[in-house]
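In: Here you go, sequence then predicted model.
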Amino acid sequence: AWQGVAPDYLMHLALGTSLASIIFTAVSSALAHHRRGAVQWKVVRGITPGILVGTLGGTFVAAALSTDFLQIFFALFLFFVAWQMLSGRKPNPNRELPGAAGMLGAGGVIGVFSSLVGIGGGTLSVPFMVWCNVGLHKAIGTSAAIGFPIAVAGTLGYLLNGLRAAP
């Protein structure tokens, strides 16, 4: 606000900026995890189409929402994540990774939420993969690689929506 950004666009700008910064950290993290053999590239390839569609679509949803709503949604998401962490609840690894349609759907959901709260998706993709019997170490490494398409699609989406909103 002190830089003169209109209040109606503050949260949108913050989310887009967050996703843009993740581009660089995701590349670095994914490479480090890859060197340790902790990225399941088959999972990355399978979930990326849904991630791209969900994240890009989520930015268009966000563009239609008010800054106040996005701030409340962000706070509620943080409370949910904090509750999940403090309660020690962990997903019960009792299934396998879904097929192409399931991966598309999971990627879409992860992408939409990631774009609405400006995250690289690890908060959602790691529990999803653990739930699907991917070991924690590999779920974290794979999530790092998934952060890149989230960041690129989210940055592009917020940029496009920002250009449409510019006077």
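Out: Good, I have the coordinates.
In: so where's this structure uncertain?
Out: Along the chain, the model assigns pLDDT under 70 to residues 166-167.
In: tell me the helices in it, going along the chain?
Out: In the chain, the segments counted as helices under DSSP state H are 10-35, 41-64, 67-87, 100-117, 122-131, 136-165.
In: my guess is residue 97 contacts residue 131, does it?
Out: No. If you go by Cβ atoms under 8 Å, residue 97 and residue 131 don't touch, sitting 9.6 Å apart. To be clear about C-beta, it is placed using only N, CA and C from the backbone, and glycine gets the same treatment.
In: surely residue 50 meets residue 107?
Out: Yes. Counting by Cβ under 8 Å, residue 107 is a contact partner of residue 50 at 2.4 Å.
In: Of the two, which one has the most company?
Out: residue 107 (26 against 23; other Cβ atoms under 10 Å).
In: what separates that one from residue 54, distance-wise?
Out: 6 Å (Cβ to Cβ, to the nearest Å).
In: Residue 83 now?
Out: 24 Å.
In: In terms of neighbours, single out the busier of the two.
Out: residue 54 (27 against 10).
In: Just give the nearest non-adjacent residue to that one, would you?
Out: Using Cβ to Cβ, 6 or more residues apart in numbering and skipping the chain neighbours, the partner closest in space to residue 54 is residue 111 (2.6 Å).
In: ok, now which ones touch that neighbour?
Out: 50, 51, 52, 53, 54, 55, 56, 57, 58, 121, 150, 153 (Cβ atoms under 8 Å, 6 or more residues apart in numbering).
In: In CSV: those, plus distance to residue 159.
Out: Shown next, in CSV, are the contacts of residue 111 (distance: Cβ to Cβ, whole Å):
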residue, distance to residue 159
50, 21
51, 18
52, 15
53, 17
54, 17
55, 13
56, 11
57, 15
58, 14
121, 19
150, 15
153, 11
